[in-house]
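> I would like the atomic coordinates for the input below:
(one chain, ligands or ions: 2)
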Amino acid sequence: MASLVLLSLFYSPRLLVEACTDILVTPGASVDGSAIIAYNADSPTLYGVLYHYPPSKNAPGTERHVYDWDSGVYLGKIEEAEETYNVIGNSNEHGLVIGESTFGGVSVLAWNQTGAIIDYGSLIYLTLQRATTARAAIAVMVDLMDTYGYYSGGESFSLMDRSGEVWIMEVIGRGNDFGKKGAVWVAQRIPDGAVAAHANQARITTFPRNDPDNFLFAEDVVEVAIFYGLFSASADPGSFSFSDVYDPITFIEARQGEARVWSIFSAIADKTGEFQRNYLSYALGEETDHRMPLYIIPCEKLSVMDVMHLMTSHYEETPLDSSVDVGSGLFETPYRPRPLVWEFNGTKYHNERSIATAKTGWSFVAQARPWMPPELAAVSWFACDDSSTAPRVPVYGSSKAVSAAYAGQGSQDGVFSPLLTFDLTKAFWVQNMVSNFCYYRYKDVYPMVRRKITSIQREFNEMMVTADERALTLYNEMGPDKAIDFVTLFSVNAGNSLHKEWMEFYGYLFARFRDFYTITAKGDEPVCGCVAQEPGLSESVKKRIVAETGNHYKVLDNGGDHPDVVSGESPRHKRDTSPKYTTMES
Ligand SMILES: *[C@@H]1O[C@H](CO)[C@@H](O)[C@H](O)[C@H]1NC(C)=O
Ligand SMILES: *[C@@H]1O[C@H](CO)[C@@H](O)[C@H](O)[C@H]1NC(C)=O
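Ligands and ions are numbered 1, 2, ... in the order given. The predicted structure is shown next:
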């Protein structure tokens, strides 16, 4: 969703809040030969639900209403396709998957086409309903934008299909004055064996004009830039770089967007830290000219679990880790309240912006599996909320139903998001309870959440092997319909059971970490079969408190033999807990 740049340039309040991260893995770079796209949809007003569009047949002339995904604003009506496909989340029944991140781009072209009807969110869902392959999807997207006008800012779209083709398509509107609606764009196929990523910064640079297997583009992509004075008419068109012209890189875009790509590439490019070191100055925003490649060849092939792990990054163990400075509070959290950029004494500062972020509404890691029939090709591992604290449920692209815990519609359908209506039947709310609890006691709770998620994902991975086998047998022996019924049941049950398990897990965490204690089972304790441990303060926190407050908290007589002088277990024995317990002191 929309770019961080906007934050610094103050366009309009509704656009300030959004941002996203995508990873694209080609079949030759994945352990099982699937193409993989990971996508976090980041917005504090995005309700975390799994959209479902059932297939439909429509009479010619049927109308379809389009609402802006970000704002819910009604944009207008278009002609519905005569046939639409089943869409679950961002996957369809043919194994097509689409994600995005918003780069915004130059202000004359971003969010600046009067009367335009197609926003980037609707573009994704309309296209998933109309296309079967990545190439077909690109053509559908171009046609929709050029026919009805392009409402949004600059976007990097991620596309993959069940043939294993993986593409990045970058688009920006033609503005108002060029005399043609829609958007200019370049699409680049990611070579097999490579991994690409993008995060709120356009990344395609120069491109050949004679390689349609790997590069597609709008015929007027340079002409529009010349028209608006963004590129010199006398310059060599071959030197035209889409991202440099339409989305020139700034400190904020490098440090808060490209740094996320850097964290992904650094983790998989090599084991020596060479990539990480080479592009550190770029990620830090110090050397914005030292650009990273669009894709890299990973030193080892990635499993779907590896990709899930990459999407949990808070820059752990890198120079951008913010769980180590004073802002991390008493529990070493990498999270910070927004806005990302803040001012002190006339100078601007910022918080790091990692891949995993509190404001994610929902996310997926989807696989397109070339060895499966179309209906079984796409599986989306879907999660509500923060990609580092949320477990993922596997859902087949041909599913005819969604678990009630995950089901819902979005603002692109003109549906109001109930973000002030707490509802324990919805995965979004239970997940937010776990995440927000984690934010409060980060160093104690987060490792437990990660372990739990890993065990859940392993279990689902094993279940998927059996489910795939069963679905394939049904497909071959009884036909697609029976297979689709089966994967529907599987996907719905998986969602229902995960929701139940996660609610129980929240209860477990809450009981364990209540009231700033760590309460642990201990069988021979007569009161509760448990002990309440005091987590205390870390050395670095103590040091900062003393440095800031001097003698204010100093125990002036050194404490004598008061029980609180020695911290430990069983606070019920402490004199200050409550007067009625003083008689119980041992
Ligand atoms: C939007 O386009 C109009 C031309 O129709 C132009 O005058 C205006 O400056 C553009 N907006 C921005 C922010 O550049
Ligand atoms: C603000 O900056 C000025 C000039 O460097 C300095 O003298 C002043 O102490 C600073 N104020 C605060 C509150 O830090």
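
> grab the nearest non-local neighbour of the closest residue to ligand 1 within the stretch 101-250 of the chain.
Closest contact between the stretch 101-250 of the chain and ligand 1, by C-beta to the nearest ligand atom, is at residue 176 (3.2 Å). The way it works is simple: take the backbone N, C-alpha and C, and place the C-beta from them, glycine included. Sequence neighbours aside, residue 114 is the residue nearest to residue 176 in space, at 5.6 Å (criterion: C-beta to C-beta, 6 or more residues apart in numbering).

> that neighbour and residue 136: what is the separation?
Separation of residue 114 from residue 136 (C-beta to C-beta, to the nearest Å) stands at 30 Å.

> among the two, which residue is more densely surrounded?
In this view residue 114 and residue 136 are compared by other C-beta atoms under 10 Å, and residue 136 has more residues nearby, 16 against 9.

> rounded mean pLDDT for whatever helix or strand the more buried one lives in, please.
Per DSSP states H and E, residue 136 falls inside helix 134-148. Average pLDDT, helix 134-148: 98.

> next one: it to chain centre, how far?
Distance, stretch centre to chain centre, for helix 134-148: 24 Å (C-alpha atoms, centre = their mean, to the nearest Å).

> would the helix or strand that it is followed by count as contacting ligand 1?
Scanning forward in sequence from helix 134-148 by DSSP H and E, the next helix or strand is strand 154-160. No. Against ligand 1, strand 154-160 shows no contacts by C-beta under 6 Å from any ligand atom, the least distance being 13.2 Å.

> dump whatever helix or strand comes next after strand 154-160 to PDB, keeping only the CA atoms.
Downstream of strand 154-160, the next assigned helix or strand under DSSP H and E is strand 166-173. In PDB, the C-alpha atoms belonging to strand 166-173 read as follows (Å, rounded to 0.1, in the frame of the first residue of the first chain):
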ATOM      1  CA  VAL A 166       7.400 -14.300 -12.000                       C
ATOM      2  CA  TRP A 167       7.200 -10.600 -13.000                       C
ATOM      3  CA  ILE A 168       7.500  -7.200 -11.500                       C
ATOM      4  CA  MET A 169       5.400  -4.500 -13.200                       C
ATOM      5  CA  GLU A 170       5.900  -0.900 -12.300                       C
ATOM      6  CA  VAL A 171       3.300   1.700 -13.200                       C
ATOM      7  CA  ILE A 172       2.600   5.400 -12.800                       C
ATOM      8  CA  GLY A 173      -0.400   7.400 -14.100                       C
END
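
> pull up the pairing partners for the next helix or strand after strand 166-173, direction included.
In the C-terminal direction, the helix or strand that comes right after strand 166-173 (DSSP H and E) is strand 183-189. Here strand 183-189 is paired, per DSSP bridges, with strand 166-173 (antiparallel), strand 215-217 (antiparallel).

> list the buried residues in the helix holding residue 136.
The neighbour-count check on helix 134-148 (16 or more other C-beta atoms under 10 Å) flags 134-138, 140-142, 144-146, 148 as buried.

> among those residues, which are in reach of ligand 1?
Subset of the buried residues of helix 134-148 in contact with ligand 1: empty, counting by C-beta under 6 Å from any ligand atom.

> of these, closest to residue 456?
The nearest member of the buried residues of helix 134-148 to residue 456, counting by C-beta to C-beta, is residue 134 at 30.5 Å.

> contact partners for the closest one?
By C-beta atoms under 8 Å, 6 or more residues apart in numbering, the contact list for residue 134 reads 96, 159-161, 163, 165-167.

> then residue 393?
By C-beta under 8 Å, 6+ apart, the contact set of residue 393 is 381-383, 403, 406, 460, 491, 494-495, 498.

> take the residues you listed and keep only those in helices.
Here DSSP state H is the test, and the contacts of residue 393 give 460, 491, 494-495, 498 as lying in helices.

> show me which of those residues is closest to ligand 1.
Using C-beta to the nearest ligand atom, the ones in helices among the contacts of residue 393 come closest to ligand 1 at residue 495, 42.8 Å.

> ok, residue 555 to residue 161 distance?
Distance of residue 555 to residue 161, computed by C-beta to C-beta: 67 Å.

> then residue 265?
Distance, residue 265 to residue 161, using C-beta to C-beta: 24 Å.

> likewise residue 435?
Remark: distance between residue 435 and residue 161 (C-beta to C-beta) = 33 Å.

> might one say that residue 530 is in contact with residue 518?
No. Residue 530 is beyond contact range of residue 518, at 10.2 Å (criterion: C-beta atoms under 8 Å).

> touching, residue 132 and residue 96? I think so.
Yes. At 6.1 Å, residue 132 and residue 96 qualify as touching, with contact defined as C-beta under 8 Å.

> same drill for those two, tell me which one is more crowded.
Higher neighbour count among residue 132 and residue 96: residue 96, with 30 against 19, using other C-beta under 10 Å.

> contact partners for the more buried one?
128, 131-134, 137, 159-162, 368, 378.

> now the residues you listed: which count as buried?
128, 131-134, 137, 159-162, 368, 378.

> could you chop this protein up by domain?
Using automatic domain parsing, the domain parsing of the chain gives 17-415+422-514, 515-586.

> please identify the deepest-packed of those.
Ranked by mean neighbour count, those are led by domain 17-415+422-514 with a mean of 20 (mean count of other C-beta atoms under 10 Å).

> roughly how far out does it sit from the chain middle?
Here domain 17-415+422-514 is found 6 Å from its chain centre; the criterion is C-alpha atoms, centre = their mean.

> tell me which element the residue positioned nearest the centre of the chain falls in.
Centroid-nearest residue in the chain: residue 40, 1.2 Å away (criterion: C-alpha atoms, centre = their mean). Assessed by DSSP H and E, residue 40 sits inside strand 35-42.

> going toward the C-terminus from the helix or strand bottoming out on mean pLDDT in the chain, what's the next helix or strand?
The weakest-scoring helix or strand in the chain, judged by mean pLDDT, DSSP states H and E, is helix 5-9 (a mean of 38). Next along the chain after helix 5-9, taking DSSP H and E as the criterion, comes strand 19-25.

> note down every partner strand of that next one and its orientation.
strand 35-42 (antiparallel), strand 195-198 (antiparallel).

> now tabulate these in JSON lines and tack on mean pLDDT and distance to ligand 1.
As requested, the strands paired with strand 19-25 are arranged in JSON lines below (pLDDT from 0 to 100; distance: least, C-beta to the nearest ligand atom, whole Å):
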{"stretch": "strand 35-42", "mean pLDDT": "98", "distance to ligand 1": "24"}
{"stretch": "strand 195-198", "mean pLDDT": "98", "distance to ligand 1": "24"}
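
> closest one to residue 549 among these?
Residue 549 lies closest to strand 35-42 among the strands paired with strand 19-25, at 37.2 Å (C-beta to C-beta).
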